[in-house]
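K.L.:
Structure, please.
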Amino acid sequence: MKTIYWFCYTLFKKAALAFFGYRVIGKEKLVTDGPVLIASNHESYLDPPLVGVAYDHGVYYLARKTLFRGLGAWLYPRLNAIPVDQDKPDMTSLKTIIKLLRGGQQVVVFPEGARTLDGNLQPAEAGTGLIVAKSKAVVQPVRIFGARDALPRGSGKVNFCPITVVVGDPITFTAEELKAKGRDDYQKISDRIMDEIGNLTLD
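P.N.:
Sure thing, here's the model as predicted:
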């Protein structure tokens, strides 16, 4: 698993640097120890590896369940991918994420759930708040700029343009906030995370 992961990691990072002028602003803010939920906006299919290569160690990702077929059934688990059913609530994937976080891993999630159509940030889904409440993980907000221009939703054409990942200050929720129970409480946590992502700029 490590060999395949790092081969793909190195290949993608070199390509991102060469074709997209890939850069990370605020890399020193990345929390690299202990359970961390890495929360990012979602612009493109390129987003998971764009966030992942900002780290110098392996992280876990979410991937559509339909990708785990044929070659994908062999490849995606080796890329630390967790299958997610986007068509219906999937408690199995949520439990897997929580288990990984409780084990001290770092996991990338997209609170919006789906890629943006117009480039604007979308409302967060409550599931991210549930993960935070159950895992007690630190949240690392990051925001991707340029990925939609490079590969917009609905397009199969890649455009070579600058892509930047901006890292925000980690969010540590209070013990009181982590007592959240029910959809409304989970939504409040998710909304705060999206607010922090929205506050990140290129300036």
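K.L.:
Pull the longest strand along the chain out as CSV, backbone CA atoms only.
P.N.:
Of all the segments of type strand in the chain, defined by DSSP state E, the longest one is strand 138-145. Only the C-alpha atoms of strand 138-145 are listed here, as CSV (Å, rounded to 0.1, in the frame of the first residue of the first chain):
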residue,chain,number,x,y,z
VAL,A,138,-9.1,18.9,15.5
VAL,A,139,-10.4,20.5,12.2
GLN,A,140,-7.9,21.8,9.7
PRO,A,141,-9.7,24.2,7.3
VAL,A,142,-8.2,24.6,3.8
ARG,A,143,-9.4,26.3,0.7
ILE,A,144,-8.5,25.5,-2.9
PHE,A,145,-8.3,28.2,-5.5
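K.L.:
how distant is stretch 127-140 from the center of its chain?
P.N.:
13 Å (C-alpha atoms, centre = their mean, to the nearest Å).
K.L.:
Rounded mean pLDDT for it, please.
P.N.:
In this model, stretch 127-140 carries a mean pLDDT of 96.
K.L.:
now the longest strand of the chain, how far from the centre of its chain.
P.N.:
On the basis of C-alpha atoms, centre = their mean, the separation between the geometric centre of strand 138-145 and that of its chain is 8 Å.
K.L.:
Any buried residues in stretch 121-129, and which?
P.N.:
Across stretch 121-129, burial judged by 16 or more other C-beta atoms under 10 Å covers Leu121, Gln122, Ala124, Glu125, Ala126, Gly127, Thr128, Gly129. The C-beta positions use only the backbone N, C-alpha and C, and glycine is treated the same way.
K.L.:
continuing past the longest strand of the chain, what's the next helix or strand?
P.N.:
Along the chain past strand 138-145, the next helix or strand (assigned with DSSP states H and E) turns out to be helix 147-150.
K.L.:
residues in contact with that following helix?
P.N.:
The set of residues that contact helix 147-150 without belonging to it, under C-beta atoms under 8 Å, 6 or more residues apart in numbering, is 20, 43-44, 46-47, 50, 115-116, 119, 158-161, 163.
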